[in-house]
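**Q** Could you look at this predicted model? Sequence included:
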Amino acid sequence: MLRDSPEPLFVLATDTTENIVYVGQSDQHPGLYRPALFVTNEETHWLRGDLRLEAGEEARYQARIRYHQRLEEATLRQTTEGLYMVFDRPQKSIASGQFVAWYADEELIGSGVIHK
């Protein structure tokens, strides 16, 4: 247990099987950043059905995972299991249960619940 950490600690991951919580020191720890996320097919919502991706297709969009976050460039890749979103720049603190939304020229194209 760390009692006198010079900077705040942030949860990076948990292992519920082994009862372990992995932490990183500072809000800039590299472990807080992820290059990609995944949304299951059941949790993917296309507002523009004409732009829906089929398995094996990909497209470039802008996306955000927080309400006031600026839009970030990303590539969406549809697989049979779901939708992968790979950001041009790693994103901080992506968490399961959050929503991601993707846009084209500020038009909302789709959204989904982040699975991992």
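**A** Right, received. Where do you want to start?

**Q** how about the one residue sitting closest to the centre of the chain, secondary structure?
**A** What sits nearest the mean C-alpha location of the chain, by Cα atoms, centre = their mean, is L37, with 3.9 Å. Three-state call for L37 (DSSP: H, G, I helix; E, B strand; the rest coil): strand.

**Q** residue contacts, it?
**A** Residues in contact with L37, defined by Cβ atoms under 8 Å, 6 or more residues apart in numbering, are 65, 84-85, 91, 94, 100, 114-116. Every residue, glycine included, has its C-beta placed from N, CA and C.

**Q** Quick check: of those, which lies closest to I20?
**A** K116 (17.9 Å; Cβ to Cβ).

**Q** C-terminal to the longest strand along the chain, what's the next element?
**A** When the chain is parsed with DSSP state E, its longest strand is strand 82-92. The element immediately downstream of strand 82-92 (helix or strand, assigned by DSSP states H and E) is strand 99-104.

**Q** List the strands paired with that next one, with their directions.
**A** Strand 99-104 sits in its sheet next to strand 58-64 (antiparallel), strand 107-113 (antiparallel), going by DSSP bridges.

**Q** Go through it and flag the buried ones.
**A** Using 16 or more other Cβ atoms under 10 Å as the test for burial, strand 99-104 gives 100-102.

**Q** Just put those in TSV and tack on pLDDT.
**A** Putting the buried residues of strand 99-104 into TSV (pLDDT from 0 to 100) gives the following:
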residue	pLDDT
V100	97
A101	97
W102	98
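
**Q** can I get these in TSV with distance to L9?
**A** Output for the buried residues of strand 99-104, formatted as TSV (distance: Cβ to Cβ, whole Å):
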residue	distance to L9
V100	26
A101	30
W102	32
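
**Q** Which one of those is nearest to T75?
**A** Nearest member of the buried residues of strand 99-104 to T75, counting by Cβ to Cβ, is W102, at 10.3 Å.

**Q** My read is that that closest one contacts M85, right?
**A** Yes: between W102 and M85 there is a contact under Cβ atoms under 8 Å: 7.3 Å.

**Q** which neighbours do those two share?
**A** Counting by Cβ under 8 Å, 6+ apart, the residues touching both W102 and M85 are 63, 74, 76.
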